[in-house]
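J.: here's a sequence, model it:
(chains A, B, C and D)
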2 protein chains.
Amino acid sequence: MESPVAFSPASITVDRTSPVPLYYQVAQVLEQAIEAGELTPGQRLDNEIALAESLGLSRPTMRRAIQYLVDRGLLVRKRGVGTQVVHRAVRRPIELTSLYDDLATEGRSPRTDVLRLEEIPASDNVAHVLGVPEGTAVLALERLRYADDAPLAVLRNYLPAGLVTLTEQGLRATGLYQTMRSAGIRLHLASQMIGARPATGAEARMLAEPRGASLLTMRRTAYDDAGRVVEYGDHIYRASVYSFEFVLVSR
Amino acid sequence: MESPVAFSPASITVDRTSPVPLYYQVAQVLEQAIEAGELTPGQRLDNEIALAESLGLSRPTMRRAIQYLVDRGLLVRKRGVGTQVVHRAVRRPIELTSLYDDLATEGRSPRTDVLRLEEIPASDNVAHVLGVPEGTAVLALERLRYADDAPLAVLRNYLPAGLVTLTEQGLRATGLYQTMRSAGIRLHLASQMIGARPATGAEARMLAEPRGASLLTMRRTAYDDAGRVVEYGDHIYRASVYSFEFVLVSR
DNA sequence: GAGTGGTCTAGACCACCAG
DNA sequence: TGGTGGTCTAGACCACTCC
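T.: Numbers count the residues shown, from 1 in each chain, chains lettered A, B, ... in the order given. Down below sits the predicted model:
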């Protein structure tokens, strides 16, 4: 079933002058080897100690590199057995990404119409999810997102005022998350809820769907490093052309 | 904003005779303290070295306990700053669970009707996702899941034949994943796709919904430790009473 | 400059698994 | 019984943040 010989890295070298952590350098090389097919599914790696020695690293550092890939679902380890490459090409576990990035990654040429971009006093509901007093100024944003020139989703977002400066141009050129990240906001956690419901007449018209078509709904509250709410989103997607796809890794 | 004094554990002791790892014991105590409100959002922990010393542990072990909670989204650390409890009660990151477990956890008294449980030759589609030749015997399973005596979802599953022995009684008493786990199957990865569509007439009747009502659909392929496909599921949920909820943690 | 977390080392002992 | 990963220690140096 498995390759008869355990993988022993002939060509891995690490750069000790680089600011990139050693464990991460090693993990990157291994990941590339897996994706390039040099490490095939089911193949066994040498044991930690041998690997560490052949790379001139300590065992904890080598362990950390391996553990990093185990956490991401690329490797499996069993005590008394060894470390193996998982038996299939695995997509990355679900991450904190935006629709824009996802579409761009898939090469689906996203496009955005900005329908609304203004400061408004927070309604009861928005104030509650953002954790600000009712009536506080918040940034309201509504966008229509296309993929390959077909309408895909209506994205309504609310942000605390003053957090980031958004322009219509900027929002057309890139996604909200990327804009927030380059403004120094460190997104850390997001709570998401995915549901479905039939489209209203107005929604159906915007998305070029028949009235009553099923829509996917996603509501998301995102928090930064310090636990502050930095964004609330209320999105609808055309279920006929979009679905959420992700990989779960058990721990 | 923050509590003026950093948290210093008065009452944490570890049991060195226990088979439970020390780092895990510490993490558990900290997690309980957070959930009990003894550690409040925003509160700072003592630094690693002080914590380690006061518990009689080495710094790496203390680090590991903290890192475990950081990975799960309960703590946040910043170099040069310190470690803080995140600013809100966070649900666990999305995990590999089954609907039955989720409902039971929420106290919603799940119930299951087993509509089908038999071995059949794999169809084209099923053979493909399970990675077996077409026509191979597979276990086909169809269940109607209730919560609080209202129909909630129709669950269709396919498993490689011979993997686990399922009985109608067993499936009524617990969820599929729990059954598989107690049969020694170690679930490791699952690839999921969530979408939506209108209900057909038959589906609407089964779920007590009007015809054309929106359904949430979930297709899942689950893999074990060694990367073998152990289950394929094709599920539909009443969108009017169910939604998927989860927390993402950025890495 | 003082304090924090981030990384790394060189050992050690143990639990689990396979033959 | 031998080999594997799982855990743990006691140090060390560095980078970042804040004052």
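J.: gap between A:Gly82 and DNA strand D?
T.: Taking CB to the nearest atom of the strand, to the nearest Å as the measure, A:Gly82 falls 4 Å from DNA strand D. (Glycine included, C-beta is placed from N, CA and C.)
J.: again but with A:Gly227, I slipped
T.: Using CB to the nearest atom of the strand, A:Gly227 is found at 15 Å from DNA strand D.
J.: check A:Asn47 too.
T.: Using CB to the nearest atom of the strand, A:Asn47 is found at 3 Å from DNA strand D.
J.: how about A:Leu22?
T.: 12 Å.
J.: ok, that residue touching A:Thr13?
T.: No - in this structure, A:Leu22 is not within contact of A:Thr13 by CB atoms under 8 Å, at 11.0 Å.
J.: higher neighbour count, those two?
T.: Ranked by neighbour count (other CB atoms under 10 Å in any protein chain shown), A:Leu22 and A:Thr13 place A:Leu22 first, with 19 against 10.
J.: residues contacting that one?
T.: Residues near A:Leu22 by CB atoms under 8 Å, 6 or more residues apart in numbering or on different chains: A:Val14, A:Arg16, A:Leu57, A:Thr61, A:Ala65.
J.: if you count neighbours, what's buried in stretch A:101-115?
T.: For stretch A:101-115, the neighbour count (16 or more other CB atoms under 10 Å in any protein chain shown) marks A:Asp101, A:Asp102, A:Leu103, A:Ala104, A:Pro110, A:Arg111, A:Thr112, A:Val114 as buried.
J.: which single one of those is nearest to DNA strand C?
T.: Comparing the buried residues of stretch A:101-115 against DNA strand C with CB to the nearest atom of the strand picks out A:Asp101 as the nearest, at 23.8 Å.
J.: buried sites along stretch A:149-160?
T.: Within stretch A:149-160, the residues scored as buried using 16+ other CB under 10 Å are A:Pro151, A:Leu152, A:Ala153, A:Val154, A:Leu155, A:Arg156, A:Asn157, A:Tyr158, A:Leu159, A:Pro160.
J.: looking at those residues, which are in strands?
T.: With strands taken from DSSP state E, the overlap with those comprises A:Pro151, A:Leu152, A:Ala153, A:Val154, A:Leu155, A:Arg156, A:Asn157, A:Tyr158, A:Leu159, A:Pro160.
J.: which among these gets closest to A:Glu203?
T.: Nearest to A:Glu203 among those, counting by CB to CB, is A:Val154 at 6.9 Å.
J.: now do that closest one, the pLDDT please.
T.: The model reports A:Val154 with a pLDDT of 97.
J.: that one against A:His235, yeah?
T.: Yes - between A:Val154 and A:His235 there is a contact at 6.9 Å, judged by CB under 8 Å.
J.: what about chain B: which of the contacts of A:Leu22 touch it?
T.: Restricting the contacts of A:Leu22 to those within reach of chain B (CB under 8 Å from any CB of the partner chain) leaves nothing.
J.: of these, which belong to helices?
T.: A:Thr61, A:Ala65 (DSSP state H).
J.: buried subset of the contacts of A:Leu22 as a ChimeraX selection?
T.: Selecting only the buried entries of those in ChimeraX, with 16+ other CB under 10 Å as the criterion:
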select /A:14,57,61,65
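J.: now the contacts of A:Leu22 in TSV, with distance to B:Arg72 and pLDDT?
T.: Conversion of those to TSV gives the following (distance: CB to CB, whole Å; pLDDT from 0 to 100):
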residue	distance to B:Arg72	pLDDT
A:Val14	30	84
A:Arg16	32	84
A:Leu57	28	91
A:Thr61	24	93
A:Ala65	22	93
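J.: DNA strand C: which of the contacts of A:Leu22 is nearest?
T.: Set against DNA strand C, the nearest of those by CB to the nearest atom of the strand is A:Thr61 (3.2 Å).
J.: give me the neighbour count for A:Ser98.
T.: 24.
J.: so A:Gly233 touches A:Val154, yeah?
T.: No - using CB under 8 Å, A:Gly233 is not in contact with A:Val154; the gap is 10.9 Å.
J.: mind checking the SS state of the residue in chain A that DNA strand C sits nearest to?
T.: Of all residues in chain A, the one sitting closest to DNA strand C is A:Gly80 (2.4 Å; CB to the nearest atom of the strand). Per DSSP: H, G, I helix; E, B strand; the rest coil, the local secondary structure of A:Gly80 is coil.
J.: now it: how far from DNA strand D?
T.: The gap separating A:Gly80 from DNA strand D is 3 Å, by CB to the nearest atom of the strand.
J.: check what pLDDT that residue gets.
T.: pLDDT, A:Gly80: 87.
J.: dihedrals phi and psi, it?
T.: As for A:Gly80, its main-chain torsions (degrees, to the nearest 10) stand at phi 80, psi -10.
J.: ok, now A:His128?
T.: As for A:His128, its main-chain torsions (degrees, to the nearest 10) stand at phi -60, psi -50.
J.: which pLDDT does the model give it?
T.: Listed pLDDT for A:His128 reads 91.
J.: what's around it, how many residues?
T.: As a burial measure, A:His128 scores 12 neighbours (other CB under 10 Å).
J.: ok, the one 10 residues further on next?
T.: Using other CB under 10 Å as the criterion, A:Val138 is surrounded by 24 other residues.
J.: now it: which helix or strand?
T.: Using DSSP states H and E, the element containing A:Val138 is strand A:137-147.
J.: just A:Leu189 next, same as before
T.: Using DSSP H and E, A:Leu189 sits in strand A:187-198.
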